[in-house]
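In: okay, structure incoming, though there's no sequence with it:
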């Protein structure tokens, strides 16, 4: 591979697509440019309008209590009846989404803005990678208000540190506890369960194994990682009591609202065996100890290495490269920058240009960067994500968005990109010179065919459309 | 008298050997009854015991506690299927289909997958082999490749921007979703087509997209295909509007005489770990939207409904007992629905394993007694005339022991 390709690969595959001038500034070796991005501090996303999750969630809980109170009052009064009451109920129903939706829009727009303007695009891509590895989805109640602060509070501060710290921050964040239902999971022999049994309460008391399963399957070991259903159940009992302050009425009302809270009264007492290791009951520390060990498992190293290699090298990454990344993970005790440097050093990542098909998000962000489009907060700035089929923080499942070409290269999906590219070209008209931009954005990737098509376009608008529709702009 | 499908097939074989029928005549017969097949994937693991409650099972009520549906006939109770099984009260359209003998319920059924990962479970559900990630193509696509008349036209359409695994493979398929942007002018399109001449993947995708658009516009353009979605207020309404759009599009393709005869779409939201609800609540709302979507499909298909079979499947079931957060965790066996005018319905097919502690799989889940592949083989063989050999060797590898379930469709 000629040296000229390394800068093009660095900006397009490792970064988020070149901004005009970026390729020239990088010079001959894209690797140094990437390494330098790992040296500065965590990629914070700060703005006065972005509030901490604790405040958002505490307000949301308060609002839910008000709504429930209003419902009770209505029922007590016997209701005005008829259409009036139906309208009132509908209005009540809408209050929580009306509170959460603007938070989502502000957060997702800020993230989009950051991706478009950042000068450390490799680190921003890593942020998106980890947010997708530890995916939450805003189609679940409260998550629309929390997905952004989750990424800012649990992902960004730790992605240039150790995997174990990242893991603990993620699994104790209220967004993850709510998303995978752990905050209400109750140990069957916990004090709370015993009390309910004495009162002969009808409600079944027990665990919810959702979070425990997904930690093993999706966050650490991976699905073939050697755990059993018994491990899932035991681990779920270990993390009973990992909850949120002020979450529900009654016995769960206590604690600082919206903040992580370990509730000893829900915790299953006694030692547990997970993956053959015995963990004494030390309350919250029991779960921390399990996570600590999971973060250092060989299967975890291999799983993370595979996902990184799939994201940065190829859909089916070369096993040798995966092994080297897994080794770097194990030797450094999960120090992530060490793993990222092994990735940059991997010859395979530079061997085949344009091996990855862009996701819709990649496509949109690289278009905005390349054409210097403003992320216009006034008019729905997130519309392209909706249109091209990848709404921010809405993968719909804890597995996150898929990361292979076949998941994104559908016929209709391609048509949508082309139609969108056409609309962008139409909007920009002669405000951008695609002939000049093509080599500045694509560097060594630019083919003669695309260069000629852009040069011979019927209009400046059409030239922009052809640049965005070009095969080398569809891939990274 | 219309020719029976099996006779037709044997005549075709004869024709190939002895040239008794001209090919043209064969196609004329083939076109008289063009079977349509719709596959709906319910992603997230549908709770089969909630959708089709075994009201007659003596252990059912205790396991489901406050969410156990009352017996048919009682206020807020399940809808009546037979003396033993009920139907969730949200599924009113399916109840009508059952009464009209157009719905077959398959219960205590599972794919060969026995772990509890959604993602591997869906992979097995779609790839058609007993193992996750064993194949990069899907059983439905391989079935289409093996079906008579393969390769003549676009055989299938995925309603969505991308093609799900079940529909990926050698047979030509396309994907379609409503456009909210204006169409490109021909000159720009021609230039992009030229630009893709050296790129096999993009060239094929673009050609497929243009072909799908052509079919869609033949069908009366944007209005019939749901271009410009209804303005919806709440999330539930938005969900319903999306269903309606997808269903209309599917029907638009299937109604065409020379369009694809197989359509696939998927739905999400079935992973009910917490606050699942009973006769009302979260799952009830999802089921109601699904039921309304199916009703809309029948209406949109018009006379084509009588040639149609719709199969609804999910990756696995959920725990028999309610969990600690008023939901259910990942389980094993569940339910599937086969509905449509081509279905010999009005029955529940199940070898009921019971719900006692000893009968449950690993002490927690409904035990599987029916292999999903038996149902798929039956449907693909009888409805789409996929040869038995292909079903056994190519479509569902390593499945020789699983015999097709016969008599599911009017043939």
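Out: Perfect, I can see it now. Every value quoted in this text rests on a predicted model; they were computed, and no experiment measured them.
In: what about residue B:158, which helix or strand?
Out: Assigned by DSSP states H and E, residue B:158 belongs to strand B:156-159.
In: who does that strand touch, helix- and strand-wise?
Out: In terms of contacts (3 or more C-beta pairs under 8 Å, 6 or more residues apart in numbering or on different chains; DSSP states H and E), strand B:156-159 is packed against helix B:139-146, strand B:173-176, helix B:235-255, strand B:262-267. From N, CA and C alone the C-beta is placed, and that goes for glycine too.
In: rank these by pLDDT, which is bottom?
Out: Of all the helices and strands packed on strand B:156-159, the minimum mean pLDDT falls on helix B:235-255 (a mean of 80).
In: buried ones in it, by neighbour count?
Out: Going by neighbour count (16 or more other C-beta atoms under 10 Å in any protein chain shown), the buried part of helix B:235-255 is B:239-240, B:242-255.
In: repeat that for stretch B:254-272.
Out: Neighbour counts over stretch B:254-272 (16+ other C-beta under 10 Å) mark B:254-255, B:259-267, B:269-272 as buried.
In: what do you get for stretch B:333-353?
Out: Buried positions in stretch B:333-353, judged by neighbour count with 16+ other C-beta under 10 Å: B:333-343, B:345-346, B:348-350, B:352-353.
In: can you give me the end-to-end distance of it?
Out: Using C-alpha to C-alpha, to the nearest Å, one end of stretch B:333-353 lies 10 Å from the other.
In: mean confidence for that stretch?
Out: For stretch B:333-353, the mean per-residue pLDDT is 98.
In: is chain A contacted by it?
Out: No: Stretch B:333-353 stays clear of chain A (C-beta under 8 Å from any C-beta of the partner chain), getting no nearer than 15.5 Å.
In: contact residues of the stretch 151-300 of chain A facing chain B?
Out: Listed as neighbours of chain B in the stretch 151-300 of chain A under the rule C-beta under 8 Å from any C-beta: A:180-181, A:184-186, A:188, A:202-210, A:213, A:217-218, A:223, A:229, A:232.
In: any idea how far the closest residue to residue B:128 other than its chain neighbours lies from chain A?
Out: Leaving out its chain neighbours, the residue that sits closest to residue B:128 by C-beta to C-beta, 6 or more residues apart in numbering or on different chains is residue B:139, at 2.9 Å. Distance, residue B:139 to chain A, by C-beta to the nearest C-beta, to the nearest Å: 16 Å.
In: returning to that earlier point: quick one: the helices and strands packed on strand B:156-159 as TSV, columns for distance to residue A:287 too.
Out: Shown next, in TSV, are the helices and strands packed on strand B:156-159 (distance: least, C-beta to C-beta, whole Å):
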stretch	distance to residue A:287
helix B:139-146	41
strand B:173-176	43
helix B:235-255	33
strand B:262-267	34
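In: what's the pLDDT at the residue nearest the centre of chain A?
Out: For chain A, residue A:131 is the residue whose C-alpha lies nearest the centre (C-alpha atoms, centre = their mean; 2.3 Å). Looking at residue A:131, its pLDDT is 98.
In: now do the contacts for residue B:56.
Out: B:83, B:84, B:85 (C-beta atoms under 8 Å, 6 or more residues apart in numbering or on different chains).
In: show me what contacts residue A:48?
Out: Taking C-beta under 8 Å, 6+ apart, one finds nothing in contact with residue A:48.
In: which strand or helix spans it?
Out: Applying DSSP H and E, one finds residue A:48 in no helix or strand.
In: surely residue B:294 touches residue B:94?
Out: Yes: applying C-beta atoms under 8 Å, one finds residue B:294 in contact with residue B:94, separated by 6.9 Å.
In: lowest-confidence helix or strand of chain A?
Out: Taking mean pLDDT, DSSP states H and E as the measure, chain A has helix A:191-198 as its least confident helix or strand, at a mean of 85.
In: now, which of the residues of the stretch 151-300 of chain A next to chain B lie within helices?
Out: When DSSP state H defines the helices, the subset of those inside them is A:210, A:213, A:229, A:232.
In: check contacts around whichever residue of the stretch 351-476 of chain A sits closest to chain B.
Out: At 3.4 Å from chain B, residue A:410 is the closest residue in the stretch 351-476 of chain A, using C-beta to the nearest C-beta. Contacts for residue A:410 (C-beta under 8 Å, 6+ apart) come out as B:158, B:160, B:161, B:162, B:163, B:175, B:205.
In: where's the last one relative to residue B:366, distance?
Out: Relative to residue B:366, residue B:205 is positioned 41 Å away (criterion: C-beta to C-beta, to the nearest Å).
In: same deal with residue B:372?
Out: Distance from residue B:372 to residue B:366, by C-beta to C-beta: 14 Å.
In: tell me which of these two has more neighbours.
Out: Neighbours were counted for residue B:372 and for residue B:366 using other C-beta atoms under 10 Å in any protein chain shown; residue B:366 has more, 31 against 28.
In: list the contacts for the closest residue to the more buried one other than its chain neighbours?
Out: Nearest non-adjacent residue to residue B:366, counting by C-beta to C-beta, 6+ apart: residue B:333, 4.2 Å away. Listed by C-beta under 8 Å, 6+ apart, the contact set of residue B:333 reads B:48, B:107-110, B:316-317, B:353, B:361, B:365-370.
In: ditto for residue B:79
Out: By C-beta under 8 Å, 6+ apart, the neighbours of residue B:79 are B:72, B:86, B:87, B:88, B:89, B:91, B:92, B:95.
In: just the buried ones among those, please.
Out: Neighbour-count burial (16+ other C-beta under 10 Å) applied to those gives B:72, B:86, B:87, B:88, B:89, B:91, B:92, B:95.
In: quick one, helices of chain B?
Out: B:5-18, B:23-32, B:48-51, B:60-64, B:92-99, B:118-127, B:139-146, B:186-195, B:200-218, B:221-225, B:235-255, B:282-301, B:372-384, B:388-390.
In: what parts of the stretch 1-150 of chain A come near chain B?
Out: Checking the stretch 1-150 of chain A against chain B by C-beta under 8 Å from any C-beta, the hits are A:90, A:93, A:94, A:97, A:139.
In: deepest-packed of the helices of chain B, please.
Out: Mean neighbours per residue, mean count of other C-beta atoms under 10 Å in any protein chain shown, is largest over the helices of chain B for helix B:48-51, with a mean of 28.
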